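J.: sequence plus predicted model, see below.
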Amino acid sequence: MKKIIVTGCAGYIGSVLTRILLREGFAVIGVDYLAFGGQSLVDIYNDPAFSFVNADIRNDKAVEEILITHKPYACVHLAAIVGDPACKKFEKDAESINMVASKKLFELCSSTGVSHFIFASTCSNYGKMTGTDAVTETSTLNPVSFYARTKVAMEEFMLSSSTKMNATVLRFSTVYGLSPRMRFDLTVNEFTRDLTMGKELQIFGPEFWRPYCHVNDLARSVVYVLNCEDISVVNNEVFNVGDNDENYQKQMIIREIQKVIPSAVITYVDQPDDPRDYRVNFDKIKKALGFKITKRVPDGIVEINSLLKNKILTDPYNSIYSNI
């Protein structure tokens, strides 16, 4: 049974990934300092294949002890201050976690014999596309937010390293969908929540593009990398994670929500410019790993709407459902 360290295991993506890895027969060492609590881990806490360590990845000594004690095959590095608003609000933490500690974690994994390091990056690295063709993994990066700049810096550090450890970068699309650590500060989730709850929604910059991917599918992409039999296919490689048909403008998302909530009241506000405007091509991960998504934006809208209509969550505006 291969041991996998998952940093940020209690987070929005990490809590989904941890469950998938356990189902796939991996042993998981979850590392998290529980900034948003540990409720997302309760039902798997006693799983014999799951071990949890409450630790901050900025604590080099604690990280090294975890690596030496557990001797993992791979490290999936999700822990980060995530998103533009959170990185603006917690800039010092974003720098210390997303860049300084992440680079040190990579070095410690290499020096302690970890075979594979998988880094969760973001399609936000593309910033604003030029021309009409969707960007690919070889397109010029144009990070326009501090969050994206931290991810680009870590990517460059990894891919220029001389380590013998295998390294893979996954550039995640904008995420949505249900998770044990639920978030409503994400476009699809937020829009669906507000309209389900009867709020009037004001949309700024409805015409700008982003790629979207369900949290379950982003997590599944990690398993595809781990299960790749030919390590040369994923070593020192970058993969966009998503689907070509899941590039959406905000107004397109709204139209999908209106199919579920016909009474939704929306007003649009023109925004002359948005520094982030990009459509992404996902052919590489499909061809190299056979990766295909299982859920689309309309599916995410239906599940969020159903969750709230059935009062599974009774206070969706609670701050625990936001990173900021």
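T.: The structure has been received and is ready for your questions. Residues are numbered from 1 along each chain as shown.
J.: show the contacting residues for residue 22.
T.: Contacts for residue 22 (Cβ atoms under 8 Å, 6 or more residues apart in numbering) come out as 28, 44, 47, 49-50. C-beta: built from backbone N, CA, C; applies to glycine.
J.: quick one: buried ones out of the residues you listed?
T.: Neighbour counting by 16 or more other Cβ atoms under 10 Å classes 28, 44, 50 among those as buried.
J.: for stretch 117-137, buried residues please.
T.: The neighbour-count check on stretch 117-137 (16+ other Cβ under 10 Å) flags 117-127, 129, 134-135, 137 as buried.
J.: do stretch 6-26 as well
T.: Within stretch 6-26, the residues scored as buried using 16+ other Cβ under 10 Å are 6-19, 21-22, 26.
J.: distance of residue 6 relative to residue 191?
T.: 29 Å (Cβ to Cβ, to the nearest Å).
J.: which strand or helix spans residue 5?
T.: Using DSSP states H and E, the element containing residue 5 is strand 3-7.
J.: can you list the strands that that strand pairs with?
T.: Paired neighbours of strand 3-7 in the sheet (DSSP bridges): strand 27-32 (parallel), strand 74-77 (parallel).
J.: average pLDDT for the first one?
T.: Averaged over strand 27-32, pLDDT sits at 98.
J.: next one: the helix or strand following the strand holding residue 5 to chain centre, how far?
T.: The C-terminal neighbour of strand 3-7 among helices and strands, as given by DSSP H and E, is helix 14-23. Helix 14-23 has its C-alpha centroid displaced from the chain centroid by 13 Å (Cα atoms, centre = their mean, to the nearest Å).
J.: got the angle between helix 14-23 and strand 27-32?
T.: 170 degrees (axes from the mean of the first three to the mean of the last three Cα atoms, to 10 degrees).
J.: put the alpha carbons of helix 14-23 into PDB.
T.: The C-alpha trace of helix 14-23 is given here as PDB (Å, rounded to 0.1, in the frame of the first residue of the first chain):
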ATOM      1  CA  GLY A  14      -8.000  18.100   0.000                       C
ATOM      2  CA  SER A  15     -10.900  16.600   1.900                       C
ATOM      3  CA  VAL A  16     -12.300  15.200  -1.400                       C
ATOM      4  CA  LEU A  17      -8.900  13.900  -2.600                       C
ATOM      5  CA  THR A  18      -8.200  12.200   0.700                       C
ATOM      6  CA  ARG A  19     -11.400  10.200   0.500                       C
ATOM      7  CA  ILE A  20     -10.700   9.200  -3.200                       C
ATOM      8  CA  LEU A  21      -7.200   8.100  -2.300                       C
ATOM      9  CA  LEU A  22      -8.500   5.900   0.500                       C
ATOM     10  CA  ARG A  23     -11.100   4.300  -1.800                       C
END
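J.: what's the average pLDDT for it?
T.: For helix 14-23, mean pLDDT is 98.
J.: do stretch 139-159 as well
T.: Stretch 139-159 comes out with an average pLDDT of 96.
J.: for stretch 293-304, same thing?
T.: 98.
J.: got the CA coordinates for that stretch in PDB?
T.: The C-alpha coordinates for stretch 293-304 follow below in PDB (Å, rounded to 0.1, in the frame of the first residue of the first chain):
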ATOM      1  CA  ILE A 293     -14.300  14.800 -16.300                       C
ATOM      2  CA  THR A 294     -17.400  13.200 -14.800                       C
ATOM      3  CA  LYS A 295     -19.400  16.400 -13.900                       C
ATOM      4  CA  ARG A 296     -20.100  19.700 -15.700                       C
ATOM      5  CA  VAL A 297     -21.200  23.100 -14.500                       C
ATOM      6  CA  PRO A 298     -24.900  22.400 -14.800                       C
ATOM      7  CA  ASP A 299     -24.400  19.300 -12.600                       C
ATOM      8  CA  GLY A 300     -22.800  21.500  -9.900                       C
ATOM      9  CA  ILE A 301     -25.600  24.000 -10.100                       C
ATOM     10  CA  VAL A 302     -28.200  21.300  -9.500                       C
ATOM     11  CA  GLU A 303     -26.300  19.800  -6.600                       C
ATOM     12  CA  ILE A 304     -25.800  23.100  -4.800                       C
END
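J.: fine by me, we can end here.
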